[in-house]
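A.B. asks: Build me a structure from this.
(chains A and B)
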2 protein chains.
Amino acid sequence: MSEQKATNVTWHEGLVSREDRYNILRQKGATIWFTGLSGSGKSTIAVALEKALFERDKLSYRLDGDNVRLGINKNLGFSAEDRKENIRRIGELARVFGDAGIIVLSSFISPYKLDRDRVRQLHEAEHLNFIEVFVDCPLDEAERRDPRGLYRKARSGEIKNFTGIDAPYEVPVNPQLHLQTNMLSVEEEVDAILEYLEKNEILAAPCSVCVDDKGGKEAVSI
Amino acid sequence: MSEQKATNVTWHEGLVSREDRYNILRQKGATIWFTGLSGSGKSTIAVALEKALFERDKLSYRLDGDNVRLGINKNLGFSAEDRKENIRRIGELARVFGDAGIIVLSSFISPYKLDRDRVRQLHEAEHLNFIEVFVDCPLDEAERRDPRGLYRKARSGEIKNFTGIDAPYEVPVNPQLHLQTNMLSVEEEVDAILEYLEKNEILAAPCSVCVDDKGGKEAVSI
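C.D. replies: So this is what the prediction gives:
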């Protein structure tokens, strides 16, 4: 004997596929997962990339503390358990956004390799693009910037378990992109990501729609 | 003294607005919230509507047990508390999808008025369209259909707390659309929703882009 289960957990096969959605958008869904220290520049790059994508008529959406910590994760605290659940839900959120066809720009410190790898697996199990971008800023530089005065508070002991000070940041082992922020301008960082997206055909519709283009090109070459 | 807080809960004002996203998509974000008994036809209508929207080049995304109960809500059970949290998270998910510009088709029994009203408030507080669609099928008809044999199990006591049998369904008081499924075909139901979306200008870009169209129309009328 059991409680009522959700009655629609069985699969309702739709009549519109992920490829159909990609074709409407003339792009492919993807998650760009920025990871790095507080103050490393994750959100700054995400904001600039969002604008660059918009200028190319591409639909992206930023996930950050504003719309996640204050929304779907509102009831989570900052215990080890809650932090793990925070990243898990963000990963699931990114996954459904990617399935919908959107390019997700996710900016969270996400200091643990295991948590990031879980989000990657979630995407790859469904053949969704997952692009880990290591926003690599030396600790002393991030601390010098300290845009919100958080490092100062962490050093004084006012904040505990602060990533880089008294909590670890596990460096990505094999990120798709490694941006050394003290050697690149924001513009160069955005260009590097755009180049990656172009190279991996994320800024184009799936091939069923490209046939016309190919046909056109072939016709020209004849 | 406190634990580290998410460092990016402050607002990162972006350079791309919700209207910009609506313009890329030439539609406005919205949540179409289907509510009704198990077997009332919520998912069937959602699947047909998704197809009709796709044929109009509009981007929609279905939220149902598949991608929610198995994903972001995976760690929720079926206690009263968990059911409430289930609907809360779905509401938050719909809200960010709407903000991204997508037309969300959400199919859950969602039997409690209070839970549905909370989701509505969440949307309206951010000026997002929330369209409650009451999929109204008489209990005896839903039970006769019983596509997954769940009513039979509920009657035999094999399933407890089943909506309509031994758990309440609170009828929507003021839904945007009230579909009486025993009087309408799925096609007619879809048409009724499309008409509502057209009338409320959800299938058009915001007016900054419509200027050309209006200009064109005016030119014709001259």
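A.B. asks: now residue A:24, nearest residue through space, not along the chain?
C.D. replies: residue B:59 (5.2 Å; Cβ to Cβ, 6 or more residues apart in numbering or on different chains). For the C-beta atoms, the positions are set from N, CA and C on the backbone; glycine is no exception.
A.B. asks: wait, isn't that neighbour in contact with residue B:103?
C.D. replies: Yes: counting by Cβ atoms under 8 Å, residue B:59 touches residue B:103, with 6.8 Å between them.
A.B. asks: wait, does the lengthiest strand in chain A contact chain B?
C.D. replies: Longest strand in chain A by number of residues, with DSSP state E as the criterion: strand A:129-136. No: Strand A:129-136 is not in contact with chain B by Cβ under 8 Å from any Cβ of the partner chain; minimum separation 12.4 Å.
A.B. asks: now do stretch A:190-201
C.D. replies: No: using Cβ under 8 Å from any Cβ, stretch A:190-201 stays clear of chain B, with a minimum separation of 11.7 Å.
A.B. asks: ok now that stretch, how far from the chain's centre?
C.D. replies: 14 Å (Cα atoms, centre = their mean, to the nearest Å).
A.B. asks: Same question for that stretch: list its buried residues.
C.D. replies: Within stretch A:190-201, the residues that count as buried by 16 or more other Cβ atoms under 10 Å in any protein chain shown are A:190, A:192-194, A:196-197.
A.B. asks: Please apply the same query to stretch A:95-113.
C.D. replies: Neighbour-count burial for stretch A:95-113 [16+ other Cβ under 10 Å]: A:95-112.
A.B. asks: Return the subset of these lying in strands.
C.D. replies: Among the buried residues of stretch A:95-113, DSSP E puts A:103-107 in strands.
A.B. asks: got TSV for the residues you listed, with distance to chain B too?
C.D. replies: Output for these, formatted as TSV (distance: Cβ to the nearest Cβ, whole Å):
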residue	distance to chain B
A:103	10
A:104	9
A:105	10
A:106	11
A:107	6
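A.B. asks: Make a markdown table out of these and add pLDDT.
C.D. replies: Output for those, formatted as a markdown table (pLDDT from 0 to 100):
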| residue | pLDDT |
| --- | --- |
| A:103 | 98 |
| A:104 | 97 |
| A:105 | 97 |
| A:106 | 96 |
| A:107 | 94 |
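A.B. asks: what residues does the longest strand of chain A touch?
C.D. replies: Applying Cβ atoms under 8 Å, 6 or more residues apart in numbering or on different chains, the set of residues contacting strand A:129-136 from outside is A:28-37, A:40-42, A:45, A:98, A:116, A:119-120, A:123-124, A:171-172, A:174-181, A:193, A:196-197, A:200, A:202.
A.B. asks: of those, buried ones?
C.D. replies: Buried subset of the contacts of strand A:129-136 (neighbour count, 16+ other Cβ under 10 Å): A:28-37, A:40-42, A:45, A:98, A:116, A:119-120, A:123, A:172, A:175-177, A:179, A:181, A:193, A:196-197, A:202.
A.B. asks: Out of those residues, list just those in helices.
C.D. replies: If you go by DSSP state H, the buried ones among the contacts of strand A:129-136 have A:42, A:45, A:98, A:116, A:119-120, A:123, A:193, A:196-197 in helices.
A.B. asks: Closest to residue A:153 out of these?
C.D. replies: Nearest to residue A:153 among these: residue A:42, at 19.5 Å, using Cβ to Cβ.
A.B. asks: In contact with the closest residue in space to residue A:135 that isn't next to it in sequence, which residues?
C.D. replies: The spatial neighbour of residue A:135 that comes closest, neighbours along the chain excluded (Cβ to Cβ, 6+ apart), is residue A:36 at 3.3 Å. For residue A:36, the contact set (Cβ under 8 Å, 6+ apart) comprises A:42, A:109, A:134-137, A:169, A:181.
A.B. asks: one step back: show me which pair in the ones in strands among the buried residues of stretch A:95-113 is furthest apart.
C.D. replies: A:103 and A:107 (13.5 Å).
A.B. asks: just to revisit the earlier point, joint contacts of residue B:59 and residue B:103?
C.D. replies: Contact with both residue B:59 and residue B:103 is made by residues B:27, B:53, according to Cβ under 8 Å, 6+ apart.
A.B. asks: what ranges do the strands span in chain A?
C.D. replies: A:2-3, A:30-35, A:60-63, A:103-107, A:129-136, A:159-160, A:177-180.
A.B. asks: just checking, what packs against the third one?
C.D. replies: Other elements packing on strand A:60-63 under the criterion 3 or more Cβ pairs under 8 Å, 6 or more residues apart in numbering or on different chains; DSSP states H and E are helix A:42-55, helix A:80-100, strand A:103-107, helix B:80-100.
A.B. asks: Any part of the last one near chain A?
C.D. replies: Read it as helix B:80-100. Yes: residues of helix B:80-100 contacting chain A under Cβ under 8 Å from any Cβ: B:85-86, B:89, B:92-93, B:95-97, B:99-100.
A.B. asks: CA atoms of that helix as CSV?
C.D. replies: Only the C-alpha atoms of helix B:80-100 are listed here, as CSV (Å, rounded to 0.1, in the frame of the first residue of the first chain):
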residue,chain,number,x,y,z
ALA,B,80,1.9,16.9,2.4
GLU,B,81,5.0,18.9,3.0
ASP,B,82,6.8,17.5,0.0
ARG,B,83,3.8,18.0,-2.3
LYS,B,84,3.7,21.6,-1.4
GLU,B,85,7.5,22.0,-2.0
ASN,B,86,7.0,20.1,-5.3
ILE,B,87,4.6,22.7,-6.6
ARG,B,88,6.7,25.6,-5.1
ARG,B,89,9.8,24.5,-7.1
ILE,B,90,7.8,23.9,-10.2
GLY,B,91,6.4,27.5,-9.8
GLU,B,92,9.9,28.9,-9.5
LEU,B,93,11.1,26.9,-12.4
ALA,B,94,8.2,28.2,-14.5
ARG,B,95,9.0,31.7,-13.4
VAL,B,96,12.6,31.6,-14.6
PHE,B,97,11.5,30.0,-17.9
GLY,B,98,9.0,32.7,-18.4
ASP,B,99,11.6,35.4,-17.6
ALA,B,100,13.8,33.7,-20.3
